[in-house]
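Undergrad: just a sequence and a predicted model for now, questions to come.
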Amino acid sequence: MPRKSANGNERARRVVAQEAARIIVNHGVRDYRVAKIKAAERLGMTTRGSLPGNAEIERALEEHHQLFGGEVHADLLRSLREVALRAMDILKVFSPRLVGPVLTGTADDNSAVNLHVFSDSIEAVPALLSTRDIAYRAYERRLRMRRGRSETYAGFEFPYASAHIQATVFPVDGIRQAPLSPVDGKPMERADVKRVTELL
């Protein structure tokens with residue numbers, strides 16, 4: 001009996017994860033927690049139960065793109081990665097690294113190209129963008145650097161080619177320690193220009 005209940009719970013988590021992935025792709029919801037709560041509500045399931053973890057949502061997203069995206073999704077990823085390389089070239093003095101869905105392959109039409117850039121002077125980043133006549137918007141992002149400790153970082157968002165670039169600024173020595181991924185709690189994967197070029 002307990003095994004049957006466990007299997008039922010596992011199936012429920014999978015169904016919620018699949019619906020959450022659909023919501024993320026079709027409605028541009030970026031927050032996995034919001035997506036899974038919406039998914040549970042749509043399916044008439046209680047959010048008090050065991051909801052899928054972020055890693056399960058990520059797997060469901062990968063499956064969704066494989067099932068429904070096909071060549072169209074592959075073309076989108078290629079296009080976003082090409083734009084990422086061009087943006088990285090503009091920001092090359094800040095040793096840019098690609099992170100997030102464009103790197104992992106779970107990006108969709110609503111995904112920004114997320115970059116980590118490194119400078120001990122935050123103002124140097126918008127100053128460079130201004131010299132290129134690139135209009136930008138400042139933002140702040142709270143990231144977990146280690147368990148139980150978060151820090152706020154400045155960032156600059158700007159439209160470029162067919163995408164939106166979000167460049168979050170870390171101090172120069174921040175290149176040695178990536179923030180923890182909200183998906184699996186491990187240090188975020190970061191890719192330099194060479195690695196992104198290889199992905200193409």
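TA: Arrived safely.

Undergrad: now do residue 199 against residue 101, distance only.
TA: Remark: distance between residue 199 and residue 101 (C-beta to C-beta, to the nearest Å) = 13 Å. Placement of C-beta: from N, CA and C, glycine included.

Undergrad: other SSEs contacting the biggest strand by length in the chain?
TA: For the chain, the longest strand by residue count, based on DSSP state E, is strand 149-160. Other helices and strands packing on strand 149-160, by 3 or more C-beta pairs under 8 Å, 6 or more residues apart in numbering; DSSP states H and E, are helix 70-90, helix 124-131, strand 137-146, strand 163-170.

Undergrad: one step back: between residue 199 and residue 101, who's got more neighbours?
TA: Taking neighbours as other C-beta atoms under 10 Å, residue 199 and residue 101 compare with residue 101 leading, 20 against 15.

Undergrad: so which strand or helix has the nearest residue to that one once chain neighbours are set aside?
TA: Here the nearest residue to residue 101 in space, its sequence neighbours aside, is residue 107; by C-beta to C-beta, 6 or more residues apart in numbering that works out to 3.9 Å. Assigned by DSSP states H and E, residue 107 belongs to no helix or strand.

Undergrad: got it, and the one 10 residues further on?
TA: Counting by DSSP H and E, the element that carries residue 117 is strand 113-118.

Undergrad: which neighbouring elements make contact with that strand?
TA: Using 3+ C-beta pairs under 8 Å, 6+ apart: strand 113-118 touches helix 70-90, strand 97-99, helix 101-104, strand 163-170.

Undergrad: what about the shortest one, average pLDDT?
TA: Read that as strand 97-99. When pLDDT is averaged over strand 97-99, the result is 98.

Undergrad: what are the contacting residues of it?
TA: Strand 97-99 has contacts (C-beta atoms under 8 Å, 6 or more residues apart in numbering) with 81, 84, 88, 113-117, 175, 178, 188-192, 195-196.

Undergrad: longest helix of the chain?
TA: Secondary structure of the chain per DSSP state H: the longest helix is helix 2-27.

Undergrad: the helix or strand following it: which residues count as buried?
TA: Next along the chain after helix 2-27, taking DSSP H and E as the criterion, comes helix 32-42. Using 16 or more other C-beta atoms under 10 Å as the test for burial, helix 32-42 gives 32, 35-40.

Undergrad: average pLDDT for stretch 179-196?
TA: Rounded mean pLDDT across stretch 179-196 is 92.

Undergrad: run a quick neighbour tally on residue 192.
TA: 13.

Undergrad: ok, now which ones touch it?
TA: 95-98 are the contacts of residue 192 under C-beta under 8 Å, 6+ apart.

Undergrad: quick one, domains of the chain?
TA: 2-52, 71-199 (automatic domain parsing).

Undergrad: mind putting the ones you listed into CSV with distance to residue 64?
TA: As requested, the domains of the chain are exported to CSV (distance: least, C-beta to C-beta, whole Å):
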stretch, distance to residue 64
domain 2-52, 4
domain 71-199, 9
